[in-house]
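Novice: Take this sequence and fold it.
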Amino acid sequence: MTTAVLPGSFDPITIGHVDLIRRATRVADHIIVGVGVNARKNQHFTVEERVGFIRDALSDISGVAVEPVDGLVVDFCRSHHADLIIKGIRDSADISWEITQASVNREIGDVETLFLPTRPDLMHVSSSIVRELASWGMDVSRYVPPAVAAALADNGSVRNTWPGTSEGGSDA
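Specialist: Residues are numbered from 1 along each chain as shown. Reported below is the predicted structural model:
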């Protein structure tokens, strides 16, 4: 039985993430969506909120668990007996960064990484774009699951809630 970890910050989860997770179930028997904190990014939603959004978005998919990650992904893989990391790739910038991560993860954690390319019609969808559009009051429902769209729409002060931004400045 193959267990794979699909890690990310998912802040917020997008329809691109959901598609990737659905497709990942074709290559592993059990998928654990690992929700972490990316120190290089300003987080809008808490880990607990993100875990809840993801569980809601994936409730119809069997064989998928959602867990917070506190620490290195390779340690998370080891503690969950995962054989594989699955990562989505949108473009050449993603490939460059992800290959480096995959090499380090293999070296220090003896875990392989499988790259799944994003569907062409979803390549432009990212959490950063969603946060940027939402900060300007735009409807982002076409890019995110319904619970995320509702949470972003309900937060009238979303423009000023991200650390490091002022008056809706971009973090994309």
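
Novice: Show me what the helix or strand encompassing residue 16 is packed against.
Specialist: Assigned by DSSP states H and E, residue 16 falls within helix 15-24. If you count contacts as 3 or more CB pairs under 8 Å, 6 or more residues apart in numbering; DSSP states H and E, helix 15-24 packs onto strand 3-8, strand 30-35, strand 84-89, strand 112-117. C-beta coordinates here come from the backbone N, C-alpha and C atoms, glycine included.

Novice: and the second one, what's its mean pLDDT?
Specialist: Average pLDDT, strand 30-35: 98.

Novice: Ok, the third one next?
Specialist: Here strand 84-89 scores 97 as its mean pLDDT.

Novice: what does the last one give?
Specialist: Strand 112-117 shows a mean pLDDT of 97 in the predicted model.

Novice: Identify the residues contacting that strand?
Specialist: With CB atoms under 8 Å, 6 or more residues apart in numbering as the test, strand 112-117 has contacts from 4, 20, 23-24, 27, 83-90, 95, 98, 101-102, 105-106.

Novice: Ok, stretch 83-100 next?
Specialist: Under CB under 8 Å, 6+ apart, the answer for stretch 83-100 is 2-7, 16-17, 20, 24, 27-28, 31, 73, 77, 101-102, 105, 111-118, 123, 126.

Novice: Swap in 6 Å and give it another go.
Specialist: For stretch 83-100, the surrounding residues in contact (CB atoms under 6 Å, 6 or more residues apart in numbering) are 2, 4-6, 20, 24, 111-118, 123.

Novice: for these, which one is nearest residue 152?
Specialist: The closest of the contacts of stretch 83-100 to residue 152 turns out to be residue 20 (CB to CB; 20.6 Å).

Novice: Show me how to select, in ChimeraX, the buried members of the contacts of stretch 83-100.
Specialist: Buried residues among these (16 or more other CB atoms under 10 Å), as a ChimeraX selection:
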select :4,5,6,20,24,111,113,116,118
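
Novice: List just the nearest of the contacts of stretch 83-100 to residue 133.
Specialist: Among the contacts of stretch 83-100, residue 123 lies closest to residue 133 (CB to CB), at 16.2 Å.

Novice: tell me the domain boundaries of the protein?
Specialist: Listed by automatic domain parsing, the domain ranges of the chain are 3-122, 127-160.
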